[in-house]
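Engineer: Please work out how this folds:
(one chain, ligands or ions: 1)
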Amino acid sequence: MKFGFLGSGQMAEAILSGMLQSELASPDEVIACDTSARRLEHMRSAYAVATTACATEMVPSCDVIILAVKPQVIEEVLGAVRDLFTEEQLVVSIAAGKKLEFLRQQCGTQPRLCRVMPNLALMVREGMTAFCMEDDALNEDRELIAQIFGSSGAVLELDEQHFDAVTALSGSGPAFVAYLLGALVDGAIKLGLPHEAARLLAEQTVIGTGIALQESGDNVGDFIGAVCSPQGTTEAGMKVLWNSDVHESLEKTLAAAARRSRELS
Ligand SMILES: NC(=O)c1ccc[n+]([C@@H]2O[C@H](COP(=O)([O-])OP(=O)(O)OC[C@H]3O[C@@H](n4cnc5c(N)ncnc54)[C@H](OP(=O)(O)O)[C@@H]3O)[C@@H](O)[C@H]2O)c1
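Structural biologist: Below you'll find the predicted structure:
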């Protein structure tokens, strides 16, 4: 099977890297296309894949086309290749905010379509990817999407109506979690910890907490309760959080990101 990346920036690279590491594809089954000569040189030297600056040259030779350019240039990019698509091809868009209906208009009637919202944690194979497909989608396409993105993390099929929320939570979420982590590091430095130690402690605490919650399936409140001993240190810290507006601010953060996703579409 031949995979083509239409746009070969940081997300395309994260997806490609997972596909190669999991041996879902070999380098000779991949073509990377980009307008940036620097990106093409990087994709060639780091992953030994074929490259081209010409989308019209790449598209006819691919079974699966992963559309990984910025949302602002999608119309221009698809406009140039739309007449080349066939019904044997699957177009997978990772563009934030671009709906299946819009993609169908831009791609024409021929190719099969999938809309995907991955996140940057694909880079370390701990990504979260949600996808949706049209009503008449083929199960073999579903399975392929689960394999492509499952090679770099978890995958979930969801109704498209949830995609603004998905974009806010897991798409933009790594930035929000990094912000919180940064605040924990700053607080630890004020307590006298060296910067490097504070980073490591904070990072491992965030990673471990996520895994522990996921593996136990515990309710978040119960989990917090299990860490808090009566009148202990965690409870002293939690009282500050419970009396603050951090919870409300995070809800507003997600609402703003979801609103922006709606505007983009
Ligand atoms: N970054 C995230 O966390 C994230 C998460 C979820 C979804 N996404 C989605 O992923 C997509 C890609 O994001 P990204 O962060 O990977 O962006 P990126 O690093 O900027 O990659 C996009 C690449 O496409 C190239 N390009 C521009 N016009 C092109 C054209 N006409 N033909 C071929 N290539 C072209 C760009 O080159 P130039 O730089 O020279 O313009 C750039 O190398 C976006 O649609 C975004 O919404 C991103």
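Engineer: Excluding its own residues, what touches the helix or strand where Gly4 lies? List them.
Structural biologist: Gly4 belongs to strand 3-6 when elements are defined using DSSP states H and E. By Cβ atoms under 8 Å, 6 or more residues apart in numbering, the list of residues contacting strand 3-6 from outside reads 12, 15-16, 19, 25, 29-34, 43, 55, 58-59, 61-69, 77, 81. No exception for glycine: its C-beta is placed from N, CA and C like everyone else's.
Engineer: among these, which ones are buried?
Structural biologist: 12, 15-16, 19, 25, 29-34, 43, 55, 58-59, 62, 64-69, 77, 81 (16 or more other Cβ atoms under 10 Å).
Engineer: Also near the ligand: which of the contacts of strand 3-6, exactly?
Structural biologist: Ala12, Cys33, Asp34, Ala55, Ala68, Val69, Val77 (Cβ under 6 Å from any ligand atom).
Engineer: In helices only, show me these.
Structural biologist: Residues of the ones next to the ligand among the contacts of strand 3-6 located in helices (DSSP state H): Ala12, Ala55, Val77.
Engineer: quick one: which of those residues is nearest to the ligand?
Structural biologist: Val77 (4.5 Å; Cβ to the nearest ligand atom).
Engineer: could you measure the residue nearest to the closest one when sequence neighbours are not counted against Gln10, distance?
Structural biologist: Distances taken as Cβ to Cβ, 6 or more residues apart in numbering put Val69 closest to Val77, at 5.2 Å, once the chain neighbours are dropped. Using Cβ to Cβ, to the nearest Å, Val69 is found at 12 Å from Gln10.
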